[in-house]
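# Any chance you can model this:
(one chain, ligands or ions: 2)
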Amino acid sequence: MTTRRTPTLAVFKLASCDGCQLTLLNCEDELLALAGEVKVAHFLEASSAVEPGPYDLTLVEGSITTPEDAERIHTIRAASRRLVTIGACATAGGVQALRNFADVDDYRRVVYAHPEYVATLATSTPVSAHVPVDFELRGCPIDRRQLLEVITAYLAGRKPDIPGHSVCFECKRRGTVCVTVADGTPCLGPVTHAGCGALCPAYRRGCFGCFGPAATVNLPALIPLLRRDGLDEDAVGRFLHTFNAAAFDKELKP
Ligand code: SF4
Ligand code: SF4
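Ligands and ions are numbered 1, 2, ... in the order given. Got it, this is the predicted structure:
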């Protein structure tokens, strides 16, 4: 009789706030079931006990902002059969990608008392800009249901069932009144990836795009609506330049 090998799961962190790793820890009940199916071989946020790769499934949180991490991600990729990036930092560079549109030394001087000790790259980039990635799970932070779907899908050897449609789709499905149509509130829902269940419009607020771009995005069509609803050119730029700044900026390029 052959015994089935328990698949291994690894979680790595780059430049990030840890919120997406906390989403995994917050799964609680599901984690107990998961623990029976996978061996958590590397997850420093949960345990200092680590095992060397190769890992069957690796989750990576955070963006590449240092020369060390630009090297380290290649080692992580080489040790991973499947590599999934989780969250706005890992999939789009995160809020720290604001440096991509400014002089990083200016930021360094303003933020740190001793900038001379901070070694950083001039840009913050997603993991996919450095190594091949099997799947990108969006969100700031990610949604726990989508995370569990991705993990169970790869453990079962199938493609994750994560629809690429926009927040508007979720908004309509839950019967929320459109804040743009009803109130003239600027909303990035038409271009933002689904996953949160249209949380902000349910509280009569516009979406500010924390899940990053949907699979298909038409920013040139949305921007005139944002202008109509009171945002001038600078305000539109600030609206788009938050957690997924680099990803939305890329969508504006022809
Ligand atoms: S409120 Fe926003 S997310 Fe909801 S339908 Fe309107 S534009 Fe789309
Ligand atoms: S900002 Fe948009 S994507 Fe983020 S929670 Fe609100 S509605 Fe969802």
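
# Quick one: low-confidence residue ranges for the protein.
Scanning the chain for pLDDT under 70 picks out the ranges 1-3, 253-254.

# Helix or strand for residue 231, just tell me which one.
In this assignment (DSSP states H and E), residue 231 forms part of neither any helix nor any strand.

# how many neighbours does it have?
Residue 231 has 16 neighbouring residues, counting by other CB atoms under 10 Å. No exception for glycine: its C-beta is placed from N, CA and C like everyone else's.

# Is there any residue in stretch 22-37 that contacts ligand 2?
No. Between stretch 22-37 and ligand 2, judged by CB under 6 Å from any ligand atom, nothing touches; the nearest distance is 13.2 Å.

# Residue 24: which element?
Using DSSP H and E, residue 24 sits within helix 19-25.

# Can I get that helix as PDB, trimmed to CA atoms?
The C-alpha coordinates for helix 19-25 follow below in PDB (Å, rounded to 0.1, in the frame of the first residue of the first chain):
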ATOM      1  CA  GLY A  19      -2.200  42.100   6.900                       C
ATOM      2  CA  CYS A  20      -2.600  39.400   4.200                       C
ATOM      3  CA  GLN A  21      -0.700  36.800   6.300                       C
ATOM      4  CA  LEU A  22      -3.000  37.800   9.200                       C
ATOM      5  CA  THR A  23      -6.000  37.000   6.900                       C
ATOM      6  CA  LEU A  24      -4.600  33.400   6.700                       C
ATOM      7  CA  LEU A  25      -4.200  33.200  10.500                       C
END
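
# Show me what it packs onto, helices and strands only.
On a contact count with 3 or more CB pairs under 8 Å, 6 or more residues apart in numbering; DSSP states H and E, helix 19-25 meets strand 8-13, strand 55-61, helix 87-92, helix 144-156.

# just how off-centre is the first one within its chain?
The gap between where strand 8-13 is centred and where its chain is centred comes out at 16 Å by CA atoms, centre = their mean, to the nearest Å.

# Next: the second one.
Put simply, strand 55-61 sits 14 Å off its chain's centre (CA atoms, centre = their mean).

# neighbouring contacts of the helix or strand following it?
Helices and strands here follow DSSP H and E; after strand 55-61, the next one along the chain is helix 67-78. Helix 67-78 has contacts (CB atoms under 8 Å, 6 or more residues apart in numbering) with 12, 14-15, 53, 58, 60, 62, 64, 83, 119, 121, 127, 130-132.

# quick one: residue 93 and residue 243 touch, right?
No. Taking CB atoms under 8 Å as the definition, residue 93 is not a contact partner of residue 243, at 9.5 Å.
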